[in-house]
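[1] no FASTA, just this:
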């Protein structure tokens, strides 16, 4: 049995590498910097893994959010771990820890930040499957239908913090490898939903910084035609 | 779908190895409208089509707001026919085929073909979507990257305003044909046509009884006409009736054919010809009808639905892991089924039961429900097969009743029926043998296996 397990794991490692290489090779990218194709034909904006790569933003004619309110969703069984859970407090209001650049950008466009809404913890075990953007959209739809999270207002930004071990994907890209976070929007019966997805990062400061930047870019570029 | 057995370790490994694309996911945004399970789908008129152009579809302003679960008339309640050039196509993660069409002036719009597995069973679009998907697959292989094309197409589909997300090729107002119900490549060069089939093709009825089979039609080449149905070759004392009596335009659908045998109907087996005509085209198919003398019909197989579970499958003899109650391959009825193969590696599964057909039998009909899903993509080669055989008690093959393969994959269960009267007075094995080659899984799922004997 042990030999079987070892063999399978070795095979797995090899095949996973091959598949990952194939996947990387076949991912289309739009021309716009930091925009990628999502899982149903549209585009989403990512925060690169290298957070130092910011680049200057230009305006493309779309709206910005006039105010924002963070609704935090801690998704995945890994958040049930006491040590991991201890990090939640520092993530509940990402604008409170926003860097100068993000604060300046939000102020420059008169974007107000409202007090964060109460968090939701959903310890579903997602560790054995890939969580792509459609999974996130379906989860948001389910949570809204069950009223587990507040209904959206014009400024609501749902920030989904994925637990350690949850494998995030977006249009063939992989969280932690191709992006540190991303934001997107979807129209559900509850209305237009803006959301941020933040894969877990071992480094708490990097984790928070990625969330902050994706949150700020949601405000500046909520529908893909604003500032980017 | 990969078959999950054994340890959790194997499950975890499998999930790491298998590409995400094998686990088909469906969309979320306006998904009910995109696939025909929304509150207004009854307003869509599928009995006639309206010719249009890309320019005309791009003309109206997008509705504001766009309703999540309702339709905007007439754009989203009309079946449109559009001639344009296909320039790009891609398989999206929501399992849609994303097609970009362009007109002579360079105007573009998107049309999308959902995966039939993402369409609710009650959708009136399901047959058309399946038809369009098959038509596209016969010509192109969509992958997760955009591929270019330059081919004239005629697309039939229902309008749908999508939200603007920066989609490739999107019309300024977001309108798409979503779903696509028919695709004709190089229109004008194909002859409109249809095909007719029946399932099951073998029917046994006793004197004084009734039995049914389902007659189905599929269209191609832009065929657009009602198809009328009739039956000939009936033995004396047997009548045939169709419900409905014709398949409504554009000619793709199904009808239930009921055979009614009088108490004095001539016994024996006849070949019934089912004639289908419409749009100046006629085709036929046949059904083998056996009329048995009146008597008592008894189902003689033990544990016909495999409901005894995996620990005591008797009187079935099965290979390991065949008896299944996982939701990965749900049963036709009850809680259990027999799941042969599905490993994606070289493998053979068998299911057999020994039974004696009484010598006094006047009818003996083997029926079962079969579901096939596969990761094979070939439309021509049977890589993985399921043989349905009758063997003697020593295991010698007396007859192979049918061989199914990955080419026969279906979205639900289909009932199969075979006449075993020629084996009356014999002790035989009902033998199912699933053989899978070295790669790409095919699952053969059996349920409710009955051998009805009349005597």
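    Noted; the coordinates are in hand. Predicted model only: the values in this text are computed from it and were never measured.
[2] switch to C-alpha atoms for all contacts and neighbour counts from now on
    OK.
[3] so which residues of chain A form helices?
    A:2-26, A:82-85, A:88-91, A:100-108, A:133-145, A:204-220 (DSSP state H).
[4] residue contacts, residue B:409?
    Contact analysis of residue B:409 by Cα atoms under 8 Å, 6 or more residues apart in numbering or on different chains lists B:371, B:372, B:373, B:374.
[5] what of residue B:289?
    Going by Cα under 8 Å, 6+ apart, the list of residues near residue B:289 reads B:202, B:203, B:204, B:205, B:269, B:270, B:271, B:272.
[6] including distance to chain A, pLDDT and secondary structure, could those go into a markdown table?
    Putting the contacts of residue B:289 into a markdown table (distance: Cα to the nearest Cα, whole Å; pLDDT from 0 to 100; DSSP: H, G, I helix; E, B strand; the rest coil) gives the following:
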| residue | distance to chain A | pLDDT | secondary structure |
| --- | --- | --- | --- |
| B:202 | 44 | 92 | strand |
| B:203 | 45 | 94 | strand |
| B:204 | 48 | 91 | strand |
| B:205 | 49 | 92 | strand |
| B:269 | 53 | 91 | strand |
| B:270 | 52 | 94 | strand |
| B:271 | 50 | 94 | strand |
| B:272 | 48 | 96 | strand |
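[7] just the buried ones from those, in PyMOL syntax?
    Provided next is the PyMOL selection string for whichever of those are buried by 16 or more other Cα atoms under 10 Å in any protein chain shown:
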select buried, chain B and resi 202+203+204+205+269+270+271+272
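[8] out of the contacts of residue B:289, who's nearest residue B:186?
    residue B:272 (37.3 Å; Cα to Cα).
[9] domain parsing for the chain?
    Going with chain A. A:1-28, A:31-220 (automatic domain parsing).
[10] other chain: chain B
    B:8-185, B:193-292, B:297-454.
[11] now the end-to-end length of the second one.
    This means domain B:193-292. 37 Å (Cα to Cα, to the nearest Å).
[12] now the stretch 301-450 of chain B, which segments are flagged as low pLDDT?
    Judged against pLDDT under 70, the stretch 301-450 of chain B has no low-scoring part.
[13] closest to the centroid, which residue in the chain?
    No chain in the question, so chain A it is. Residue closest to the mean C-alpha point of chain A, counted by Cα atoms, centre = their mean, is residue A:197 at 1.5 Å.
[14] my bad, the chain I had in mind was chain B
    Chain B, centroid-nearest residue using Cα atoms, centre = their mean: residue B:410 at 4.0 Å.
[15] three-state assignment of it?
    At residue B:410 the chain is in coil, as set by DSSP: H, G, I helix; E, B strand; the rest coil.
[16] for whatever residue of the stretch 351-455 of chain B ends up closest to chain A, which non-adjacent residue is spatially closest?
    Closest to chain A within the stretch 351-455 of chain B is residue B:439: 13.9 Å, counting by Cα to the nearest Cα. Sequence neighbours aside, residue B:344 is the residue nearest to residue B:439 in space, at 4.6 Å (criterion: Cα to Cα, 6 or more residues apart in numbering or on different chains).
[17] test my guess that the residue nearest to the centre of chain B contacts residue B:373.
    Yes. At 6.3 Å, residue B:410 counts as touching residue B:373 under the criterion of Cα atoms under 8 Å.
[18] hmm, back to that, list the contacts of the residue nearest to residue B:439.
    B:2, B:436, B:437, B:438, B:439, B:440, B:441, B:442.
[19] over to residue B:257?
    Per Cα under 8 Å, 6+ apart, neighbours of residue B:257: B:212, B:213, B:214, B:215, B:240, B:241, B:242, B:243.
[20] which of those fall in strands?
    For the contacts of residue B:257, the ones inside strands are B:212, B:213, B:214, B:215, B:240, B:241, B:242, B:243, with DSSP state E as the criterion.
[21] dump the residue contacts of the last one.
    Going back to what we said before, that points to residue B:243. Applying Cα under 8 Å, 6+ apart to residue B:243 gives the contacts B:255, B:256, B:257.
[22] hmm, back to that, for the ones in strands among the contacts of residue B:257, which one is nearest residue B:111?
    Using Cα to Cα, those come closest to residue B:111 at residue B:215, 30.7 Å.
[23] can you tell me how far the residue nearest to that closest one when sequence neighbours are not counted is from chain A?
    If the residues on either side of it in the chain are set aside, residue B:215 comes closest to residue B:198, at 4.4 Å by Cα to Cα, 6+ apart. As judged by Cα to the nearest Cα, to the nearest Å, residue B:198 and chain A stand 37 Å apart.
[24] tell me how many other residues surround residue B:198.
    Residue B:198 has 20 neighbours, counted by other Cα atoms under 10 Å in any protein chain shown.
[25] ok, now residue A:200?
    26.
[26] what residues are up against it?
    A:161, A:162, A:163, A:164, A:165, A:166, A:176, A:207.
[27] next step: these restricted to strands.
    Those of those mapping onto strands are A:161, A:162, per DSSP E.
[28] hang on, the earlier thing: next, format the domains of chain B as TSV and append distance to residue A:73.
    What follows is the domains of chain B, written out as TSV (distance: least, Cα to Cα, whole Å):
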stretch	distance to residue A:73
domain B:8-185	19
domain B:193-292	46
domain B:297-454	29
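[29] what about the residue of the stretch 201-350 of chain B found nearest chain A, how many residues nearby?
    Residue nearest to chain A within the stretch 201-350 of chain B: residue B:345 (14.0 Å; Cα to the nearest Cα). By the criterion of other Cα under 10 Å, residue B:345 has 15 neighbours.
[30] quick check: it touching residue B:439?
    Yes. At 5.0 Å, residue B:345 and residue B:439 qualify as touching, with contact defined as Cα under 8 Å.
[31] low-confidence regions, the stretch 1-150 of chain B specifically.
    In the stretch 1-150 of chain B, residues with pLDDT under 70: B:1-24.
[32] where do the strands sit along it?
    Here the stretch 1-150 of chain B has its strands, by DSSP state E, counting those that start in this stretch, at B:45-52, B:78-91, B:97-102, B:108-113, B:147-161.
[33] got JSON lines for those, with mean neighbour count too?
    Listed next are the strands of the stretch 1-150 of chain B as JSON lines, based on neighbours: other Cα atoms under 10 Å in any protein chain shown:
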{"stretch": "strand B:45-52", "mean neighbour count": "14"}
{"stretch": "strand B:78-91", "mean neighbour count": "22"}
{"stretch": "strand B:97-102", "mean neighbour count": "25"}
{"stretch": "strand B:108-113", "mean neighbour count": "26"}
{"stretch": "strand B:147-161", "mean neighbour count": "20"}
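[34] reformat those strands as CSV; add distance to chain A.
    What follows is the strands of the stretch 1-150 of chain B, written out as CSV (distance: least, Cα to the nearest Cα, whole Å):
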stretch, distance to chain A
strand B:45-52, 24
strand B:78-91, 9
strand B:97-102, 7
strand B:108-113, 10
strand B:147-161, 10
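[35] so which of these is nearest residue A:75?
    strand B:78-91 (28.2 Å).
[36] separation between residue B:114 and residue A:205?
    In terms of Cα to Cα, residue B:114 sits 42 Å off from residue A:205.
[37] swap in residue B:231?
    For residue B:231, the distance to residue A:205 - Cα to Cα - is 76 Å.
[38] residue B:227 too?
    Counting by Cα to Cα - residue B:227 and residue A:205 are separated by 68 Å.
[39] please say which of those two ends up with more neighbours.
    Comparing residue B:227 with residue A:205 by other Cα under 10 Å, the one with more neighbours is residue B:227, at 25 against 12.
[40] thought the more buried one was touching residue B:254?
    No. Residue B:227 is beyond contact range of residue B:254, at 10.2 Å (criterion: Cα under 8 Å).
[41] overlap of the contact sets of these two?
    Counting by Cα under 8 Å, 6+ apart, the residues touching both residue B:227 and residue B:254 are residue B:247.
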